[in-house]
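S.K.: The sequence isn't on hand, but the structure is:
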C-alpha cells in the first residue's frame, strides 16, 4: 500500500457551504478510483505566490490518502478537469508521516471562517488607524508644503522667463539703434564724395562747351579768310 499527500487550491470566491461540497466531491472521486482518504486539513485562504487564472488568493486544502495502481494518475486527471481547482501537487510520503485529523470538516471550515473575519477586521482597523494618525497629518502637511514650493518655483520660472524676454527686447532695440547710426554715418561719408563727383562732372561739361565754341569760332575765321583771298584773286 502506497501513501500520498495532495495539496490542492480551491477557487477563493467559494463560500463555506460551497467549499464543503467541493472538498466532499474530491474525496468521493478519490474513493471511486480505489483510494482511501485518511486525513484532511483545511489551511484556509492564503495569498498565492503568483496569479492563477487571474486570482490573487486561493483556499488551500491538504489531503492524505493511500492507493494502489493507477489511483494517483486518475485522481490527478480528476483534479485537472475540476473548474473549481486552481492548482494541485501530489507527493509520495511514508506511513509515519500521515497526519491525524482532530477536527471534522465543518469545524475546520467554521474556524477558518472566524479566523478570516478577525484578520479582515484587524486589517480594516490598521488602515483606519493609519489614516487618522498624526503621522498621516504630518505627511499631508508635508505634501501641501511641497505643492506650495512647486507652485512658487513655477512662479519664479515664469518671472525669469519674463525678465529674459525683456532683456532680449532691450538688446534688440540697442542693436537697431546702432545699425541706424552706422547707416547715417555711411550716408554722411558718401554725401561729400557724391558732391565732389557732381562738381567734377559740371566742370567737365563747361570745359567741353568752351572747347566747342572755340572750335566753331576758329572754323568761322578760317572760312572768312578763305573768302577774302578768293575775292582778291
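M.R.: Noted; the coordinates are in hand. Remember, it's a predicted structure, so these values are computed and weren't measured experimentally.
S.K.: Could you use CA atoms for every contact and neighbour count after this?
M.R.: Noted.
S.K.: shaky segments in the protein?
M.R.: 120, 127, 130-233 (pLDDT under 70).
S.K.: per-domain residue ranges of it.
M.R.: Taking automatic domain parsing as the domain assignment, the ranges for the chain are 2-122, 134-197.
S.K.: Please enumerate the strands of the protein.
M.R.: 2-10, 36-52, 55-67, 85-93 (DSSP state E).
S.K.: Export those strands to a markdown table and append columns for distance to residue 109 and mean neighbour count.
M.R.: Below are the strands of the chain laid out as a markdown table (distance: least, Cα to Cα, whole Å; neighbours: other Cα atoms under 10 Å):
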| stretch | distance to residue 109 | mean neighbour count |
| --- | --- | --- |
| strand 2-10 | 13 | 20 |
| strand 36-52 | 7 | 16 |
| strand 55-67 | 11 | 20 |
| strand 85-93 | 17 | 16 |
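S.K.: Same list, these, but as CSV with distance to residue 101 please.
M.R.: Output for the strands of the chain, formatted as CSV (distance: least, Cα to Cα, whole Å):
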stretch, distance to residue 101
strand 2-10, 14
strand 36-52, 5
strand 55-67, 10
strand 85-93, 17
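S.K.: Tell me which of those lies nearest to residue 128.
M.R.: Closest to residue 128 of the strands of the chain is strand 36-52 (Cα to Cα; 22.3 Å).
S.K.: List the pairing partners of that closest one within its sheet, with orientation.
M.R.: strand 55-67 (antiparallel) (DSSP bridges).
S.K.: dump the residue contacts of the nearest residue to residue 31 once chain neighbours are set aside.
M.R.: Leaving aside its sequence neighbours, residue 31 sits nearest to residue 37 (Cα to Cα, 6 or more residues apart in numbering; 7.4 Å). Counting by Cα atoms under 8 Å, 6 or more residues apart in numbering, residue 37 touches 27, 30, 31, 63, 64, 65, 66.
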